[in-house]
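Student: give the three-dimensional model of this entry:
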Amino acid sequence: MRRVVCPGSFDPVTNGHLDIISRASSLYDEVVVAVLINKNKKSLFTVDERANMISEVTKGYGNVRVDKFYGLTVDYCKEQNIPVIVRGLRAVSDYEYELQMAQMNHRIAGIETLFMATNPEYAFLSSSLMKEVVKFGGDISGLVPDSVRDRLVDRLRETD
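Tutor: A predicted model of the protein is given here:
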């Protein structure tokens, strides 16, 4: 079985993330969306909330599974017997950072990285940008799933 992991913080998941997950699901037998537990970063949503949102919006894919992890992605890959990491690239600046990570991951664990160019329709998206736009009253319809948009709006209202 060909397996790949799509790791990230997904705070929250965007249509750009979903584009990469969807395309990976057409190439691999199983896609594990691994939600990072980063104790050094203050997330808007808990890891369980993020995992639940991703599970909800990927339920139509028969080969996508959502999991949570803490630590190095390569350690998670070794524990789960997953030989490949898939990463979306939006711009040259993403490539420079991701290339260093891919080389390090291969050096320390022999894990391969597959880079996918992001669909130009979503190339400007980031979770941080979505939070900022909503915080100032902007509309992010069509940029995140509707259920995620609603949760994001509600959460940012709570924090005001």
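Student: put the alpha carbons of stretch 55-66 into CSV.
Tutor: What follows is stretch 55-66, C-alpha atoms only, in CSV (Å, rounded to 0.1, in the frame of the first residue of the first chain):
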residue,chain,number,x,y,z
SER,A,55,-12.2,14.9,9.3
GLU,A,56,-15.5,16.6,8.6
VAL,A,57,-14.3,18.2,5.3
THR,A,58,-12.5,15.2,4.1
LYS,A,59,-15.1,12.6,4.9
GLY,A,60,-15.9,12.2,1.2
TYR,A,61,-12.5,10.7,0.6
GLY,A,62,-12.3,7.0,1.3
ASN,A,63,-8.6,7.1,1.6
VAL,A,64,-7.9,10.1,3.9
ARG,A,65,-7.3,9.6,7.6
VAL,A,66,-6.7,12.3,10.2
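Student: pull out the buried residues from stretch 29-44.
Tutor: For stretch 29-44, burial by neighbour count (16 or more other Cβ atoms under 10 Å) applies to 30, 31, 32, 33, 34, 35, 36, 37, 43, 44. Just so you know, the C-beta spots here come from the backbone N, C-alpha and C atoms, and that holds for glycine as well.
Student: what sits up against it?
Tutor: 1-12, 21, 24-25, 47, 50-51, 54, 58, 61, 63-70, 73, 76, 80, 82, 86, 131, 152, 155-156, 159 (Cβ atoms under 8 Å, 6 or more residues apart in numbering).
Student: from those, which would you call buried?
Tutor: 3-12, 21, 24-25, 47, 50-51, 54, 58, 61, 64, 66, 69, 73, 76, 82, 86, 131, 152, 156.
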